[in-house]
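Asks: Okay, predicted coordinates and the sequence, questions at the end:
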Amino acid sequence: MSTQLPEDFQKLQVTDGAEQGESFHGRSKLEPEALKNKPWQRSAPMELELPTHHRRRLQFYGFPVNRDWLRGVGDRKMKPEDRPFADDTCLIAYAMQLFRFFTRITTLKYEYVRNPGDAPPDCVNADNEVLIVSICSNLKDEYRTRPPQRNVDRLQEILKAGPPRWWEDAEMDAYVKPK
């Protein structure tokens, strides 16, 4: 048995794929213009008008969800060895973490908001509050960091929900500071 490598394999040269003057990812080290308009750059935030009704109150923009469904998502997706240690809040937080990952909406959180009277009955708790998955709020910093529309569409697809809307915070003393 021969211990010598085939001739064509001996001539094989391994490189990082970059030509001289290029970085590993194929972009020129010399031309910063090459970094403009790349898909990994942050997209424009979704177009969203601030609420006009009770605009001094803290409000959240999001989708109503059923607490049991949200807890079930966390329960189904969590590792079996971690489930015995997870309570309802932990399961819901895990589901929210998954939603953040799959939608790339870093501002996602769940909130209890006032029931305006037309909320889905299965999303209303005993205190007449509605659980929502919040995308952003009318607070200046959160509103400014709202996600692109395609990310919101992805979340809507995952939740199998209707369009998001503005919801008033459940706490009576939650007000937005005047500008």
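Replies: Cool, the structure landed. Please read all numbers here as calculations on a predicted model, not as lab measurements.
Asks: Was I right to think Glu142 contacts Ile105?
Replies: No. Using CB atoms under 8 Å, Glu142 is not in contact with Ile105; the gap is 11.6 Å. Every C-beta, even on glycine, is put in place using the N, C-alpha and C of the backbone.
Asks: More neighbours: the two, which one.
Replies: For Glu142 versus Ile105, the count of surrounding residues by other CB atoms under 10 Å is larger for Ile105: 22 against 16.
Asks: quick one: the helices in the chain?
Replies: Counting by DSSP state H, the chain forms helices over residues 7-10, 67-77, 88-103, 140-144, 149-159, given from the N-terminal end onward.
Asks: so which of those gets nearest Pro120?
Replies: Of all the helices of the chain, helix 67-77 sits nearest to Pro120, with 11.0 Å by CB to CB.
Asks: Go through the closest one and flag the buried ones.
Replies: Residues of helix 67-77 classed as buried: 67, 70-71, 73-75 (neighbour count, 16 or more other CB atoms under 10 Å).
Asks: and if you look at stretch 87-101?
Replies: In stretch 87-101, residues buried by neighbour count (16+ other CB under 10 Å) are 90-96, 99.
Asks: Just send those back as CSV, with pLDDT and distance to Lys109 too.
Replies: Below are the buried residues of stretch 87-101 laid out as CSV (pLDDT from 0 to 100; distance: CB to CB, whole Å):
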residue, pLDDT, distance to Lys109
Cys90, 90, 15
Leu91, 91, 15
Ile92, 91, 10
Ala93, 92, 10
Tyr94, 91, 13
Ala95, 92, 12
Met96, 93, 7
Phe99, 94, 10
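Asks: Run through the strands of this protein in chain order.
Replies: Under the criterion DSSP state E, the chain carries strands at the ranges 59-64, 109-114, 129-137, 165-168.
Asks: Can you pull out the low-pLDDT segments for the chain?
Replies: Scanning the chain for pLDDT under 70 picks out 1-42, 55, 172-179.
Asks: What is the burial count for Asp82?
Replies: By other CB under 10 Å, the residues close to Asp82 number 11.
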